[in-house]
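Asks: Fold the following for me, if possible:
(one chain, ligands or ions: 2)
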Amino acid sequence: MATTTDFDTIAAISTPPGEGGISIIRISGEDALKVISKLYRGKDLSKVASHTINYGHIMDPENKEDIDEVMVSVMLAPKTYTCEDVIEINCHGGIVATNTILQLVLSYGARMAEPGEFTKRAFLNGRIDLSQSEAVMDIIDAKTNRSMKAAEGQLDGNLSRLIRTLRQQILDVLANVEVNIDYPEYDDAEVVTSNLLMKNAKDIKEKIIKLLKTSKQGQVLRDGLATSIVGRPNVGKSSILNHLLHQDKAIVTDVPGTTRDVLEEYVNVRGVPLKLVDTAGIRKTEDKVEKIGVDRSRKAIQSSDLVLLVLNSSEVLSDEDKKLIELTDDSKRIVILNKTDLPQKINIDEINQLIGEENVITTSAIKDDGTEPLEEMIAHLFFNEGIQSSQADVMVTNARHVSLLHKAKESLNNVISGLDDGMPVDLVQMDMRDCWESLGEITGDSYNGELLDQLFSQFCLGK
Ligand code: GDP
Ligand code: ZN
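Replies: Residues are numbered from 1 along each chain as shown. Ligands and ions are numbered 1, 2, ... in the order given. Now for the predicted structure:
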């Protein structure tokens, strides 16, 4: 289901900066038609069918002077790139005409799009498959200024519940310790107590570690899973990228003058927000035959959470391929053997030896073969391995929470090592208590004296 968000109307030049036959100015949002109607001389665009191209002129409404002869594409929601109403003005290009039209569009109701914003909207408004998608959407949404509170509230609600359970567990242990200290005549009290402390400290520590693992996932949900596509020239990187984008024109260029390096592209692969790293480099190869050298790949790999390494299976493995395999050895990696439609020359045994069989996928980008399994694998890697926790509905996304969890874990480490070193129980329990307090700071439940109050009210045992 498409979830559409209320956004303002944005515009930008969508063709690469510089000289070209035509330039395209893209407008997206509720007011797209309203904006173009003020500037367009030709048919009544509010009456034309969706997904039509219309010939006419752009004029300056102030003096009614024509600025350029144009073709205007009218694409109405929801079947558009952003799932919003989209207008594309194909004008004659040249920096002056293009910018004049953009300026008019901006003065008549649209806002300048941020780099990547169309793509971001496409993602935000996009079709979603997985159950986690709602939280994903909310958080990504929040990043673009909507309902961060709601998203956090939902996640934190579950988090708070889990934290409170852990705190109760600690409380129970501490109460027991207290009782044993109060009744020292009780046989083996010290041994029983330290065993109890040890068992619970380990158990709680494990749960905290699990929680901490989700913080990576939470961060990814907020920022996107930084993903790079690397491989030798011509192995099929752009083709695979285009399949992931499901849209050939998905690139969003900024206005001339701003650097292309800040461009961010997001693609929503089955609920996983991929933030694509250095696609400018990949796309450039199409027109400029500029090669992405190993150095550039190295940079992309280093700043990625996930690397898609593309190899051409119709050729034998080259030294450059081997270098890239080596460079990505420590990354979370999917190896794509592309061009399976051609006679196969790659040595599968060699691949298996270098990479293993896991996370290798075969595709023919030209036949759109294997791209579905690729998407599945990406989603699987994200949701089911490594960064996935067993408590899928509890996720730590907040840096303060993360640091408090680390602190709580430290205290538990002290409990464990203290017991190992034969420290007296009444000293060790101080660390357990610190853990309890750190956890309480997450939920806001900790305050001075609370521990004693609670112990007293719950476990005074008739004294
Ligand atoms: P890049 O340089 O790695 O981005 O590679 P491209 O995606 O630009 O592809 C290079 C060439 O290989 C183009 O001519 C593509 O049409 C072609 N190509 C890409 N994928 C396949 C494939 O699976 N099979 C075949 N036969 N050709 C492909
Ligand atoms: Zn496809």
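
Asks: pretty sure Leu166 is in contact with Leu439, am I right?
Replies: Yes. Taking contacts as CB atoms under 8 Å, Leu166 lies within contact range of Leu439: 5.9 Å. No exception for glycine: its C-beta is placed from N, CA and C like everyone else's.

Asks: Between these two, tell me which one has more neighbours.
Replies: Higher neighbour count among Leu166 and Leu439: Leu439, with 25 against 20, using other CB atoms under 10 Å.

Asks: where exactly do the strands run in the stretch 351-463 of the chain?
Replies: Secondary structure of the stretch 351-463 of the chain by DSSP state E, counting those that start in this stretch: the strands cover 360-362.

Asks: now do the chain
Replies: Taking DSSP state E as the test, the strands found in the chain are 10-13, 23-28, 40-42, 52-60, 65-75, 86-91, 111-112, 225-230, 265-269, 272-277, 306-312, 333-338, 360-362.

Asks: mind putting those strands in CSV, distance to ligand 2, mean pLDDT and mean neighbour count included?
Replies: Output for the strands of the chain, formatted as CSV (distance: least, CB to the ion, whole Å; pLDDT from 0 to 100; neighbours: other CB atoms under 10 Å):
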stretch, distance to ligand 2, mean pLDDT, mean neighbour count
strand 10-13, 25, 88, 25
strand 23-28, 22, 90, 27
strand 40-42, 34, 95, 16
strand 52-60, 24, 92, 16
strand 65-75, 20, 90, 18
strand 86-91, 21, 93, 24
strand 111-112, 31, 88, 15
strand 225-230, 15, 86, 25
strand 265-269, 11, 71, 24
strand 272-277, 15, 76, 25
strand 306-312, 15, 94, 24
strand 333-338, 14, 96, 23
strand 360-362, 14, 94, 18
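
Asks: Could you export those as TSV, including distance to ligand 1?
Replies: Shown next, in TSV, are these (distance: least, CB to the nearest ligand atom, whole Å):
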stretch	distance to ligand 1
strand 10-13	24
strand 23-28	22
strand 40-42	36
strand 52-60	27
strand 65-75	26
strand 86-91	24
strand 111-112	30
strand 225-230	8
strand 265-269	15
strand 272-277	13
strand 306-312	6
strand 333-338	5
strand 360-362	10
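
Asks: Name all residues that make contact with the residue lying closest to Thr80 once chain neighbours are set aside.
Replies: Spatial nearest neighbour of Thr80, chain neighbours left out: Val86 (4.2 Å); criterion: CB to CB, 6 or more residues apart in numbering. For Val86, the contacting residues are 26-28, 32, 73, 75, 77, 80, by CB atoms under 8 Å, 6 or more residues apart in numbering.

Asks: do that again at 10 Å, thanks
Replies: 26-29, 32-33, 50-51, 73-77, 79-80, 118, 121 (CB atoms under 10 Å, 6 or more residues apart in numbering).

Asks: residues from this structure in reach of ligand 2?
Replies: Within reach of ligand 2 by CB under 5 Å from the ion, the chain has these residues: 243, 368, 371.

Asks: which parts of the stretch 301-450 of the chain sit against ligand 1?
Replies: Residues of the stretch 301-450 of the chain lying near ligand 1 by CB under 6 Å from any ligand atom: 338-339, 341-342, 364-366.

Asks: Show the buried residues in the residues you listed.
Replies: 338-339, 364-365 (16 or more other CB atoms under 10 Å).

Asks: can you tell me which of those lies nearest to ligand 2?
Replies: Checking these against ligand 2 with CB to the ion, the nearest one is Ala365 at 8.8 Å.

Asks: doesn't Gly231 make contact with that closest one?
Replies: No. Counting by CB atoms under 10 Å, Ala365 sits too far from Gly231 to count as a contact (11.4 Å).

Asks: shared neighbours, these two?
Replies: Here Ala365 and Gly231 have 237, 240, 310, 336, 338 as joint contacts, going by CB under 10 Å, 6+ apart.

Asks: Quick one, grab the pLDDT at the residue lying closest to the third one once chain neighbours are set aside.
Replies: Pointing back at Val310 there. Leaving aside its sequence neighbours, Val310 sits nearest to Gly231 (CB to CB, 6+ apart; 3.4 Å). Note on Gly231: pLDDT of 90.

Asks: what sits against Gly231?
Replies: By CB under 10 Å, 6+ apart, the contact set of Gly231 is 237, 240, 282, 292, 297, 307-312, 320-321, 324, 335-336, 338.

Asks: Not counting its neighbours along the chain, what's nearest Leu244?
Replies: Val267 (5.3 Å).

Asks: so the one you found makes contact with Ile240?
Replies: No. Look at Val267 against Ile240 with CB under 10 Å: they stay out of range, at 11.6 Å.

Asks: and Glu30, how many residues sit next to it?
Replies: Look at Glu30: counted by other CB under 10 Å, it has 15 neighbours.

Asks: so how many other residues sit close to the nearest residue in space to it that is not next to it in sequence?
Replies: With sequence-adjacent residues excluded and distances taken as CB to CB, 6+ apart, Glu30 is closest to Thr9, at 6.0 Å. Neighbour count for Thr9, taken as other CB under 10 Å: 21.

Asks: tell me the pLDDT at Thr9?
Replies: The per-residue pLDDT reported for Thr9 equals 93.

Asks: is it true that it touches Asp85?
Replies: Yes. In this structure, Thr9 is within contact of Asp85 by CB under 10 Å, at 8.4 Å.

Asks: any idea how far ligand 1 is from Leu39?
Replies: Shown here: Leu39 relative to ligand 1, a distance of 37 Å by CB to the nearest ligand atom, to the nearest Å.
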